[in-house]
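In: Got a predicted model here, sequence first, then my questions.
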Amino acid sequence: MAGEATRLLERFGPRCAAVVRVATLPPIVTIVLLRVSPERLWSAVLVVVVAAAWTCGYCWWLSRGGRPPVAVDVTVLLAVCLVALWTGAVDAANTGWLRLLVTFACVTWQWHTSPLAGAAAALVAGGGMLVTIAAAGLAVNGGQIWVLAMAAISRAVWVLVT
């Protein structure tokens with residue numbers, strides 16, 4: 001029975017990860033659009049549309065039982081961070097949506113990857129987000145640093161549950 005429960009949970013993890021990531025998109029998009037300055041609206045819309053389209057595609061692949069490469073997801077998220085900062089789609093008052101986007105990815109990777117792959121992905125994506133925000137001259141705050149802690153807690157809980 002324990003083997004069957006573990007097998008079912010391992011099948012449930014990727015699907016649950018997909019649902020969580022897609023369910024968080026509407027609030028993230030709303031934050032982007034409500035907090036962006038009018039002169040940066042179109043660049044913010046473009047960046048958020050790309051991020052949302054990628055997330056939906058990745059989650060569709062994941063929910064179908066596929067194992068999309070997490071490295072590509074990490075790369076796309078880092079590119080979104082870079083492009084958002086480069087185009088001015090974010091400023092000091094509007095980095096929260098990037099943190100949310102990266103946080104939910106880092107947390108849910110822990111549900112369908114190996115411990116090493118999940119940790120590496122969270123370190124690269126979370127650390128990369130921190131580096132890009134700092135490189136843009138914006139203040140790095142405690143909420144952004146917590147991304148890595150949330151990923152670690154997610155992995156710990158996943159291990160305990162399985």
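Out: Done, it's in.

In: Beyond the strand or helix carrying Arg21, next helix or strand please.
Out: Element membership of Arg21 [criterion: DSSP states H and E] is helix 2-23. Moving toward the C-terminus from helix 2-23, the next helix or strand (DSSP H and E) is helix 25-35.

In: Check which helices and strands that next one is in contact with.
Out: The helices and strands touching helix 25-35, judged by 3 or more Cβ pairs under 8 Å, 6 or more residues apart in numbering; DSSP states H and E, are helix 41-63, helix 96-109. Where C-beta positions appear, they are placed from N, C-alpha and C, glycine not excepted.

In: Could you name the helices and strands sitting against the first one?
Out: The criterion is 3+ Cβ pairs under 8 Å, 6+ apart, and the helices and strands that helix 41-63 contacts are helix 2-23, helix 25-35, helix 70-87, helix 96-109.

In: And the helices and strands packed on helix 25-35: which comes nearest Val83?
Out: Between Val83 and the helices and strands packed on helix 25-35, the tightest spacing by Cβ to Cβ is seen for helix 41-63, at 5.6 Å.

In: Give me the distance from the closest one to the chain's centre.
Out: 11 Å (Cα atoms, centre = their mean, to the nearest Å).

In: winner for burial among the helices and strands packed on helix 25-35?
Out: Per residue and on average, the most neighbours among the helices and strands packed on helix 25-35 fall to helix 96-109, with a mean of 24 (mean count of other Cβ atoms under 10 Å).

In: and that one with helix 2-23, angle?
Out: Angle between the axes of helix 96-109 and helix 2-23 is 170 degrees (criterion: axes from the mean of the first three to the mean of the last three Cα atoms, to 10 degrees).

In: follow-up on the earlier one: can you redo the helices and strands packed on helix 41-63 as CSV with mean pLDDT and distance to Pro115?
Out: Output for the helices and strands packed on helix 41-63, formatted as CSV (pLDDT from 0 to 100; distance: least, Cβ to Cβ, whole Å):
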stretch, mean pLDDT, distance to Pro115
helix 2-23, 88, 13
helix 25-35, 91, 27
helix 70-87, 90, 13
helix 96-109, 93, 11
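
In: Point out the most buried one among the ones you listed.
Out: Using mean count of other Cβ under 10 Å, helix 96-109 ranks as the most buried of the helices and strands packed on helix 41-63, with a mean of 24.
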